[in-house]
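**Student:** fold the following, please.
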Amino acid sequence: MKKLAVGVSMVTAAIGFVAWGQSPATETAPAAHAYGTENLNAVLWVQTAAEYQAAARQAYVLAEMLLDEALADPTWSAVSEQAGADFADLPTAVILDVDETVLDNSPNQARQVLEDRDFATEPWHAWVREEKANAVPGALAFTRAAADKGIRVFYVTNRRHQVEEPTRRNLAAQGFPIDAAVDTVLTRDEQADWGGDKGSRRAHVAARHRVLLQIGDNLGDFVSGVNVDPAARETLVERHADYWGRKWIVLPNPQYGSWDGALIDFQYGLAREAKRARKLGALETLREDGSE
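**Tutor:** Numbers count the residues shown, from 1 in each chain. Below you'll find the model as predicted:
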């Protein structure tokens, strides 16, 4: 049936060319698939959709509402690794991711779309060094409210340590509270055991603070071991069901993340068309006949 459908499509196309006075033989071959433009709608949603603005603000309003309850309960901790520890008398803190959680990097994503290129470290670092990222809606008001209550604000980011200083300057320029007495911007590779998994940095904060809330846009901002298949990732979410919307707040990010990597088995070096084929294969149509 697929061969017949292709044949009919080719005939239809030929008729169309004749109708316009053109010959199929002289038609320019279609351009190679522009993989980078697949992120077009996602970037535009972040940059233009009122719904994105509302979702981000909603997340931070909820987070601020939870602060007083968390402060008043000495048994409250938002770090699962802190379970069973004696943390009641520790100073309080909140942990936030940086990218797409407090700083909006959609202009860099827009550049990738317009230039039809994938993520690469050096162009990303060049963007970070521009220090142009604006605040995610609601993030500034929340972090300032937390600081005003005496809660220390930690930024746990997978930005590399080599771009920590421009990151700090960008955060400060946007008005985010940066503690002068303690290092609160914890970057990847800053210490030997601070890799891409943020668990060691969460533990670093939790060793000295009672963590009231965690806020991020990626599953790895909350738990370790997220580079697994989509089904296993769902299990991680279910395992921590009591945290979501109460101690852990997730912001929307349709542009990139470990969710995207899970669809290609985290094989980022695959050819573009291979990545696209895997993503197409992950689509669910709910058709009973299995047709595409």
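
**Student:** so what touches stretch 154-164?
**Tutor:** Here stretch 154-164 makes contact (Cβ atoms under 8 Å, 6 or more residues apart in numbering) with 93-99, 102, 121, 125, 128-129, 167, 171, 176, 184-190, 196, 198, 201-202, 205, 209, 221. Every residue, glycine included, has its C-beta placed from N, CA and C.

**Student:** can I get it in CSV, CA atoms only?
**Tutor:** C-alpha atoms of stretch 154-164 as CSV (Å, rounded to 0.1, in the frame of the first residue of the first chain):
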residue,chain,number,x,y,z
PHE,A,154,21.9,28.8,45.5
TYR,A,155,22.3,28.6,41.7
VAL,A,156,23.3,25.1,40.7
THR,A,157,24.1,25.1,37.0
ASN,A,158,25.7,22.9,34.5
ARG,A,159,27.4,25.8,32.9
ARG,A,160,31.1,25.0,33.0
HIS,A,161,33.4,26.6,35.6
GLN,A,162,35.3,28.5,32.9
VAL,A,163,32.2,30.7,32.3
GLU,A,164,31.3,31.2,36.0
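
**Student:** quick one, strands of the chain?
**Tutor:** Here the chain has its strands, by DSSP state E, at 92-96, 103-104, 134-135, 152-160, 185-188, 210-216, 248-250.

**Student:** tabulate those strands (TSV), appending mean pLDDT, mean neighbour count and distance to residue 146.
**Tutor:** What follows is the strands of the chain, written out as TSV (pLDDT from 0 to 100; neighbours: other Cβ atoms under 10 Å; distance: least, Cβ to Cβ, whole Å):
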stretch	mean pLDDT	mean neighbour count	distance to residue 146
strand 92-96	98	25	5
strand 103-104	98	23	17
strand 134-135	98	17	14
strand 152-160	98	22	6
strand 185-188	98	22	15
strand 210-216	98	25	8
strand 248-250	98	22	12
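
**Student:** show me where the stretch 51-200 of the chain has its helices.
**Tutor:** Per DSSP state H, counting those that start in this stretch, the stretch 51-200 of the chain carries helices over the ranges 106-114, 121-130, 139-148, 164-174, 199-206.

**Student:** name the helices or strands packed onto the last one?
**Tutor:** By that I understand helix 199-206. Using 3 or more Cβ pairs under 8 Å, 6 or more residues apart in numbering; DSSP states H and E as the contact test, the elements touching helix 199-206 are strand 92-96, strand 152-160, strand 185-188, strand 210-216.

**Student:** same thing with the second one?
**Tutor:** For helix 121-130, the contact count by 3+ Cβ pairs under 8 Å, 6+ apart identifies helix 106-114, strand 152-160, helix 164-174 as packing neighbours.

**Student:** quick one: it to strand 152-160, angle?
**Tutor:** Here the directions of helix 121-130 and strand 152-160 differ by 140 degrees (axes from the mean of the first three to the mean of the last three Cα atoms, to 10 degrees).

**Student:** again with the first one
**Tutor:** Orientation check (the same axes, to 10 degrees): helix 106-114 against strand 152-160 gives 20 degrees.

**Student:** show me what helix 106-114 is packed up against.
**Tutor:** Packed next to helix 106-114, using 3+ Cβ pairs under 8 Å, 6+ apart, are helix 40-48, helix 121-130.

**Student:** let's have these in JSON lines, adding distance to residue 252.
**Tutor:** Output for these, formatted as JSON lines (distance: least, Cβ to Cβ, whole Å):
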{"stretch": "helix 40-48", "distance to residue 252": "8"}
{"stretch": "helix 121-130", "distance to residue 252": "21"}
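
**Student:** pick the most deeply packed of these.
**Tutor:** Among these, the stretch with the highest mean neighbour count (mean count of other Cβ atoms under 10 Å) is helix 40-48, at a mean of 16.

**Student:** ends of stretch 183-196, how far apart?
**Tutor:** Stretch 183-196 has its terminal residues 19 Å apart, counting by Cα to Cα, to the nearest Å.
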